[in-house]
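# model this:
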Amino acid sequence: MQPNLTRSAKLSVAGAAAAAGTSEVTGSTIDMKGFLSAMFLASFSVATNAALKVQGSNDGTTWADLTGALATVVAAGIAAVEVSQPQHRYLRGVVTRTASAVLDSLTAAQSRAAVEPVTQVATTIVTFVNCPDASA
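From the prediction side, this is the model:
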C-alpha cells in the first residue's frame, strides 16, 4: 500500500480565528498519544508582526514554551512550526500579536501515527483521490 497523508495524519482546528488586535491567542490542547510529530499552522490575512510558538505539557495544565518552536511573520501569510518526537504528551499553538494582526486560522496536523488509518475528528472532512500516472 502506498503511503498517503490522509491515512497517517490527523487534522484539527487548533484555535479560533481572531479579528485585528494585539491579544495573545492560545490554541486548543492537542493530545499526542499515538503520534510522533505535529505541525501547527497559523494563517494571517493581515499581519505586521505576529508569531506562532508551540508549548508542551505533561498534564494539560502546566505549559512551557518549546525551545526553538517559533515562527514569525511580518506580512500576510502562514507561520508553521513542526515538532518531531515531542517530549510532552500535550501540545498547543500560541499566537502572539504585537501589532494589529488578523488570525484567520490555527490548525494542527498530527502525523507519523502509530495506527493507520487515522480517525479524523467529526468536523474534519478529508477526501483522498488516487490519480494514476497519465502515461499509463
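
# from here on, contacts and neighbour counts on C-alpha atoms
Noted.

# quick check: can you name the pairing partners of the helix or strand hosting residue 14 and their directions?
Using DSSP states H and E, residue 14 sits within strand 10-15. If you go by DSSP bridges, strand 10-15 pairs up with strand 101-113 (antiparallel).

# for residue 113, list the residues it contacts.
Listed by CA atoms under 8 Å, 6 or more residues apart in numbering, the contact set of residue 113 reads 8-9, 34-36.

# now do the strand holding residue 14, average pLDDT.
The average pLDDT within strand 10-15 is 91.

# kindly export it (C-alpha atoms) in CSV.
Taking Å, rounded to 0.1, in the frame of the first residue of the first chain, the C-alpha atoms of strand 10-15 are listed here in CSV:
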residue,chain,number,x,y,z
LYS,A,10,-4.9,13.8,11.9
LEU,A,11,-6.1,17.4,11.1
SER,A,12,-7.7,19.6,13.8
VAL,A,13,-8.8,23.1,14.3
ALA,A,14,-6.3,24.1,16.9
GLY,A,15,-7.7,27.6,17.7
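
# can you map out the helices along the protein?
Remark: helices assigned in the chain by DSSP state H are 5-8.

# low-confidence ranges, it, go.
1-3, 133-136 (pLDDT under 70).

# for it, just list every one of the strands.
With DSSP state E applied, the chain shows strands at 10-15, 18-21, 25-26, 30-31, 35-46, 50-57, 64-73, 77-84, 90-97, 101-113, listed in chain order.

# off-centre distance for the second one?
Relative to its chain's centre, strand 18-21 lies at 19 Å (CA atoms, centre = their mean, to the nearest Å).

# and the contacts of that strand?
Contacting residues not belonging to strand 18-21 are listed as 25, 46, 97, 99-104 [CA under 8 Å, 6+ apart].

# next: stretch 69-84.
Contacts of stretch 69-84 (CA under 8 Å, 6+ apart): 36-54.

# run the chain-centre distance for the strand holding residue 14.
6 Å.

# next, the buried residues of it.
10-15 (16 or more other CA atoms under 10 Å).

# before we move on, what about stretch 70-80?
In stretch 70-80, counting by 16+ other CA under 10 Å, buried: 70-73, 76, 78-80.

# which one among those residues gets closest to residue 87?
residue 70 (16.7 Å; CA to CA).
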